[in-house]
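Participant: build me a model from this:
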Amino acid sequence: MPATERCLSPSEGNKAIGGIPNMHYFDFKSRGRGNVIRLLWEDAQIAYDDTRYTFEEYPKYKESTITKLNPATTIPVIEIDGQILTQSYAIIRHFARQLGKYDGQTEEAKYWADAICDIVADWRTLFIQAFFNERQAETYPKHQQGDRNRFLTALETHLKSHDLSRSGPYITGKDITYADFVLYQILHDEDLIQDGGNGLQDYSRLKQQVDAVEGRENIKAFMASKRYRG
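Facilitator: Modelled structure (predicted):
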């Protein structure tokens, strides 16, 4: 049976988004697209229900519970106030707009956050193909040396060269956006930020962004709590 845990206490943020969301996602530690949404909720101090499925039990619930919620049978799926929300990056953008922050303060900032998010989405697709592969021992090292390094170099260059990114530690400078959580999570899932960020020793601008995200009070509290599972 999937396990559901109530996280945090209801806040003004919950009023802004219309209630307490329930997220259906894999029990994949604090990893994947689902954790991108958790990071936003944790930072904004939004109470949420966290329903986790083991990889072994998911096929059973995919054909029943998840299919009823989302005909595309993909997760995460969010239930909130009678609504069903699907597609992780659309979900996080939706909540950012409802909260009136995390979405960029200008049209240029909104564009730049969206652009970096889309780059990371392309990277994550290749990561998943390589990592969740029957020949992982062959495909993932190849990915690490090829596509992963290519995206790291591209993102490092983007953040060092764009005027907004040069104005502060986050993607759009001084203000964090949803895209910072998206970028942080792929770096986390590729095991690049663990051990003091040793995997980013050649990417100083990305390391600066990671440190800024992890240094936020509510994210720091999340990382130190039992809700964070590594």
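Participant: next, give phi and psi for Leu192.
Facilitator: phi -100, psi -20 (degrees, to the nearest 10).
Participant: state the distance from the residue nearest to it when sequence neighbours are not counted to Asp43.
Facilitator: Distances taken as Cβ to Cβ, 6 or more residues apart in numbering put Gly199 closest to Leu192, at 3.4 Å, once the chain neighbours are dropped. C-beta coordinates here come from the backbone N, C-alpha and C atoms, glycine included. Counting by Cβ to Cβ, to the nearest Å, the separation of Gly199 from Asp43 is 23 Å.
Participant: what number of residues lie near the residue nearest to Leu192?
Facilitator: 20 (other Cβ atoms under 10 Å).
Participant: quick one, phi psi at it?
Facilitator: Per degrees, to the nearest 10, the backbone of Gly199 is at phi -70, psi -10.
Participant: would you mark the buried spots in stretch 206-218?
Facilitator: Leu206, Lys207, Gln208, Gln209, Val210, Ala212, Val213, Arg216 (16 or more other Cβ atoms under 10 Å).
Participant: quick check: the second one touching Gly199?
Facilitator: The one in question is Lys207. No - applying Cβ atoms under 8 Å, one finds Lys207 not in contact with Gly199, separated by 9.3 Å.
Participant: if we can go back for a sec, show only the entries of the buried residues of stretch 206-218 found in helices.
Facilitator: In this view, the buried residues of stretch 206-218 that belong to helices under DSSP state H are Leu206, Lys207, Gln208, Gln209, Val210, Ala212, Val213.
Participant: okay, the fifth one: pLDDT?
Facilitator: In this prediction, Val210 carries a pLDDT score of 98.
Participant: in contact with it, which residues?
Facilitator: Tyr184, Leu187, Ile193, Gly197, Leu200 (Cβ atoms under 8 Å, 6 or more residues apart in numbering).
Participant: would you mind measuring from Asp175 to Phe222?
Facilitator: From Asp175 to Phe222 the distance is 20 Å (Cβ to Cβ).
Participant: do Gly18 as well
Facilitator: Noted for Gly18: a distance of 22 Å to Phe222, by Cβ to Cβ.
Participant: mind naming the longest helix for the chain?
Facilitator: Using DSSP H to assign secondary structure, the helix with the most residues in the chain is helix 107-131.
Participant: just for this protein, where's the confidence low?
Facilitator: Scanning the chain for pLDDT under 70 picks out no residues.
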